[in-house]
Structure formats: structure tokens, C-alpha cells
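[1] Okay, predicted coordinates and the sequence, questions at the end:
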Amino acid sequence: MSLKEKISRDIKTPYGLVFLGLAGIRLFFNAVIPLTDKTEARYGEIARLMAETGNWIVPQIDYGVPFWAKPPLSAWLSAVAVHLFGDSEFVLRLPYWIVAVLIAILLTHYGHHKKINVFLPGMVLFTLPEFFLHAGVLSTDMMLSFSIALIMLGFWEFIHSNKPKLFGLLFFVGIGLGLLAKGPIVGVLSIPPLFIWCLWQRISLKKILKMPWVLGLIVCLSIALPWYYMMEINSPGFIDYFVVGEHFLRFIDSSWSGDKYGFSKQQPLGIIWAFLLGGALPWSFVLLASFRKGFQSIWNDPWQGFLWLWILWTPFFFTFSSSLIHTYTLPVMIPIALLITHHWLAFNRKKTMLYMAVALPVLLFGSYFFKPIQQLISTSTDKAMVLHPNVNASNLYALSSKSYSSQFYSKGKIKVIMLDQMENLPKRSSPSFVIIKKRDFQKISPELSEKLIPLMERRKDGIYTFR
């Protein structure tokens, strides 16, 4: 039976239906959860500005303010979606959900190869908490994961397929997309494990040289180089900041003062391994057990060795980083799903593991309808304050600093105002509205604070107008 026929048949089976259900739950969350500060709202605003201004070369964090921290591939995807369908949360997140589903569909080949349900790898993938979370989060990590998957699987198929040129080109396409997704880090996370695997398996240099190097490099550079060149021309200083700062200084110096957009993410040494175990629950315990019991089989099996190197290299690399976040483990969720698929027929408690794995997304879906959960979500964004029915975004201000979510939901109309300037707002003919953080409220004079009328107050901030 061909893969196409297996897909048509297996989508109607319990595994296929569970996969559709999990993808559907994530799509539901993409529609109902507002853009949260800081990451999602920041990338949402970058995409909105790109679609509004028509500047597809220089991503902007605010009008006329370039965003140098990441390449534009993810912003392009969301901006195209905004241009076609509007700037709702659902639309902005849609490209990442589509890419997540596309990855799951690409993995059907390996389910077919193992003669099991072709949607099993995708189903496992969507039960991994880290992957399920990012199957709709506005960030650069899903496209980086997709790019690394093309590199790794393209190389594997080049070695083992009867169409080496095609998959060799796929390898270079992955590098090109990765350079546009998150930059040179794509090579750091993919080339070393491939190099180690080739030495381990004694892959001959003659075999490697059969890759379409000339055509592949042309394809790779054609994908990535034009934007890097035009970005540096239109925004001088980008290369120095992005390549040197973002790819070296931020990982070796947690207090790097050159970071224009984030904050120092100091973490305990080796915390990346805890992120990996937590992000892959409950399957991480299955993999640990199989690793302890079957090291000899891993050593003698090129496919298992390939997947384990793919899994372990990323956390090993970031073990020595003083600045990291849990999303750095996202690319290795794909080989984890493939390794679970590889061992599937040997598992003794398949149903138990599946029930545990599927339970988390289902519980998250059910918990959303509890009011405390919805209130918790609402406090992570300024959407409710900006879109308050009595608020006019044209006269909207933020005291001292504005959030990315207030900028996005006001469509860039919110303005930052300092304390001495705020005293003039009550004198204006049309009502003004100010978002004030609680820590700043005590700095306001008693005379001015008496004129403030709260429209909405929260634990850390509130929005006010004047008497």
C-alpha cells in the first residue's frame, strides 16, 4: 500500500482521529487566547507593522525602529496572513499551526516505513508539551525546528534513499530557511551531530562529496543572502549586532548589555536538561528507560544513533550557556517523536502512555472554560484595557513605558507619556486614557491622583481617565 493510500485510510482510525483532535484543540487556543507579553505580542506587532507599512526588508518593533534580534521568515509568514485575512490572533498564529501540521504529515513517511499507523509520529509530536505549545505561539522557534528537520532528515535520506540529489538539495534548503528563520544557529544545532554521526558510522568522504554541493550552495545562498545584504544596506549595523551579539555574546555573557529587546535570562547551569525532560513528558521517561536498557542496540542501529545525536546535541550545547529559555529544546521534539515511533511495537503499555500523553492537552482544553484560568490569561496581556468599550485608542497613553500588547491592540496608536507631561491631560477637551503600573502610581501627586477615574484595575496595573 502506498503512503498516500495509508494516509487516506489511517486518518479515519483512532490514531488519526486523535491527531486531528489534538491539532483542533491547538487551533482553538490559537483563536481564543490573546497575544501575551512579551514574546507573542512583540512578534505580532512586528508582523502587523510589516503588513501595514509594506516594509518587508527591515522588521520594525515600532514605527521607524528596526528590529535586529531575528531574521524575518516568521514575521513574513504572519504578515502575509495579516495582509490576506486581517490582524486577529487566529490569523497571526495560523502559519505556525500549519507548519506544525506539515511537520506531522512529513513524519507519516516514517510511520509507513515502520508498518504502523502513519499518524502515530504526528500524534506523539502533538502530545509533547513543548511542541503542542509552539504549534501556535508567535515566535521564531517553529520555523527553526522545521528547518533543522529538513537538514537532518534530508541528510539521512541522502545517505539511504535512491534519490540522493533530491534529498541533498533538501538539506541545503533547510539551511537557507534556517538562516532566515533564526540565523547561523541553525548550523550550530545541526551540522555537529551530523558530523559526529558520519564519523561514528564511518560514512566515506566520497559519499559526502556526492551531495550536490555547488547547486545546493547556490540554492542556500539564493534563499538567505539577498535579505541579509538588503537588511545591512537599509539598516547598517545589523550584521554586527545579530551575528556577533546574538550568536556569541548572549550565550557566553548573561549580562550582555547590547541586548536591545530582551532581558538577562540567567539560569542555573544545566537547566536545559530539565527543560528537555519537562517539555517531552511523559515520553521522556520512556526514552530514558529505553536508553538504559538498550545502549547496545543504539550503538548497533544507525537510525537510533542518528536520532539520539539529534536529541542530545542541542541540550549539550546549551548546557554551558548562561542565557537560555525552554523554547531552545523545541527542535529536538521531532526526533523524540521519531524515536518513540521506532520503539512503538516493543512498548508493553501503549494505551497507558497514550492516555497520559493525551490527557494534558485535553485537560488544558477543559480548564480554559474555568473563570480563574481566563482571568489569569487576561492579566498577561493589555488587550482588555486597550479594547475597553469606553477607551478611545487615539487618546491612549502609557505612563513611562508601553507594552507590546498595548501597542498591538491599539494598532500602534498608544503613546508613551512621562509623569510631568501627564498633568496636562485633564486640560484637554477630549478625554484621555492612561495605562499606569501600580509601581508608578505612587509617584503621582495627590492632586493629580484625585482626578483619576479607574476604568479597569488589575493587580499590577490599570487604565484610568480623568474627571
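    Right, received. Where do you want to start?

[2] What residues of stretch 89-98 count as buried?
    89-98 (16 or more other Cβ atoms under 10 Å). (Glycine included, C-beta is placed from N, CA and C.)

[3] pretty sure E40 is touching H134, no?
    No - contact criterion Cβ atoms under 8 Å: E40 and H134 do not qualify, at 10.9 Å.

[4] that older thread, where helices are concerned, which of the buried residues of stretch 89-98 count?
    Among those, the residues falling in helices (DSSP state H) are 89-98.

[5] Any chance of JSON lines for those, columns distance to N55 and pLDDT?
    Listed next are these as JSON lines, based on distance: Cβ to Cβ, whole Å; pLDDT from 0 to 100:
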{"residue": "E89", "distance to N55": "23", "pLDDT": "95"}
{"residue": "F90", "distance to N55": "24", "pLDDT": "96"}
{"residue": "V91", "distance to N55": "20", "pLDDT": "96"}
{"residue": "L92", "distance to N55": "18", "pLDDT": "96"}
{"residue": "R93", "distance to N55": "22", "pLDDT": "96"}
{"residue": "L94", "distance to N55": "22", "pLDDT": "96"}
{"residue": "P95", "distance to N55": "19", "pLDDT": "96"}
{"residue": "Y96", "distance to N55": "22", "pLDDT": "96"}
{"residue": "W97", "distance to N55": "26", "pLDDT": "96"}
{"residue": "I98", "distance to N55": "24", "pLDDT": "96"}
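
[6] between the residues you listed, which is nearest P361?
    W97 (13.7 Å; Cβ to Cβ).

[7] From what I see, that closest one and N30 are in contact.
    Yes - counting by Cβ under 8 Å, N30 is a contact partner of W97 at 5.8 Å.

[8] Quick check: neighbours shared by these two?
    The contact sets of W97 and N30 overlap at G136 (Cβ atoms under 8 Å, 6 or more residues apart in numbering).

[9] Next one: T329 from E45, what distance?
    Here T329 is placed at a distance of 26 Å from E45 (Cβ to Cβ, to the nearest Å).

[10] Tell me where the stretch 251-400 of the chain is predicted with low confidence.
    The stretch 251-400 of the chain contains residues with pLDDT under 70 at 251-266, 293, 322-323.

[11] Looking at the chain, which helix is longest?
    From DSSP H, the single longest helix across the chain is helix 213-234.

[12] contact partners of it?
    So helix 213-234 is contacted by 57-58, 71-72, 168-169, 171-173, 175-177, 179-180, 238-239 (Cβ under 8 Å, 6+ apart).

[13] Equivalent analysis for stretch 397-409, please.
    Against stretch 397-409 from outside (Cβ under 8 Å, 6+ apart): 34-38, 41-42, 44-45, 48, 62, 381-383, 385-387, 396, 414-419, 422, 425, 432-437, 440.

[14] quick one: average confidence on stretch 112-131?
    On average, the pLDDT along stretch 112-131 is 92.

[15] For that stretch, list every residue counted as buried.
    Buried residues in stretch 112-131, counted by 16+ other Cβ under 10 Å: 112, 114, 116-131.

[16] can you tell me which two in the contacts of helix 213-234 are farthest apart?
    Most distant of the contacts of helix 213-234, by Cβ to Cβ, are V58 and G168, 33.4 Å apart.

[17] which one of those two has more residues nearby?
    G168 (23 against 20; other Cβ atoms under 10 Å).

[18] Not counting sequence-adjacent ones, nearest residue to the more buried one?
    Nearest non-adjacent residue to G168, counting by Cβ to Cβ, 6 or more residues apart in numbering: M211, 4.2 Å away.

[19] in a strand, that's where the one you found is, yeah?
    No - assessed by DSSP: H, G, I helix; E, B strand; the rest coil, M211 does not belong to a strand; its assignment is coil.

[20] Buried residues in the helix or strand that contains L288, which are they?
    In the assignment (DSSP states H and E), L288 maps to helix 283-293. Judged by neighbour count using 16+ other Cβ under 10 Å, the buried positions of helix 283-293 are 283, 286-287, 290.

[21] can you redo the residues you listed as CSV with distance to S161?
    Converted to CSV, the buried residues of helix 283-293 look like this (distance: Cβ to Cβ, whole Å):
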residue, distance to S161
W283, 27
V286, 29
L287, 26
S290, 26
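
[22] just those residues now: which is nearest E157?
    L287 (23.2 Å).

[23] Test my guess that the closest one contacts I336.
    Yes - counting by Cβ under 8 Å, L287 does reach I336; the two are 6.6 Å apart.
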